[in-house]
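Novice: Give me the fold of what follows.
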Amino acid sequence: MSFTGRCACGAVTATISASEPVAVRQCWCRQCQQAAAGGPTNNAVFPVEAVDVAGALGSFAYVAPSGNTLTQFFCPACGTGVMAQSSGRMHLRTVRLGFLDSGHGLEPDTVIWTDDAPAWAQVDQRAHHYAGQPPAPGQTASTPA
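Specialist: Coordinates of the predicted model:
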């Protein structure tokens, strides 16, 4: 199985050749809340070589609470969030689930930066939770909720 994605206007598309993501996470850090209009971002993490993006991307970068520089990529025409990349994990791309085409079947199994979530946040109790920065995808040290 592979994955495909497109922004709202169709100017940016992607084909992801990986059969499954390295991780699927929901992030409640403050920067993700800003990017997601107050809610969390929902993301699938793939090896960088599996993600082939076509179309022009806009970007902005900042130092995240983890201490790494996080670069967010988006469609400059419609504003759809496409993916992110951390300077601490250059071998991975974090693709927004909303960018992926319908029917991808992915669901976050880990929720990160829960200490930054607002009091009204609905955090999936079936998922593993991290108060802040989690281990790198593929490593396990999580505590089920």
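Novice: Over to Gly55: give its phi and psi.
Specialist: With angles defined as degrees, to the nearest 10, Gly55 shows backbone torsions of phi 110, psi 160.
Novice: From Val95, how far out is the residue lying closest to it once chain neighbours are set aside?
Specialist: With CB to CB, 6 or more residues apart in numbering as the criterion, Gly55 has its nearest non-adjacent residue at 3.7 Å, and that residue is Val12. All C-beta spots, glycine's among them, are computed from the backbone N, C-alpha and C. Counting by CB to CB, to the nearest Å, the gap from Val12 to Val95 is 12 Å.
Novice: now swap in His128 and tell me
Specialist: Distance, His128 to Val95, by CB to CB: 20 Å.
Novice: who's more crowded, the two?
Specialist: Each of His128 and Val95 has its neighbours counted (other CB atoms under 10 Å); Val95 has more, 28 against 18.
Novice: Dig out what the residue nearest to that one when sequence neighbours are not counted forms beta bridges with.
Specialist: Closest residue to Val95 apart from its sequence neighbours, by CB to CB, 6+ apart: Met83 at 4.6 Å. Beta-bridge partners for Met83, by DSSP bridges, are Phe73, Val95.
Novice: picking that back up, ok, the residue nearest to Gly55 - contacts?
Specialist: By CB atoms under 8 Å, 6 or more residues apart in numbering, Val12 lies in contact with 6, 53-57, 75, 80, 82.
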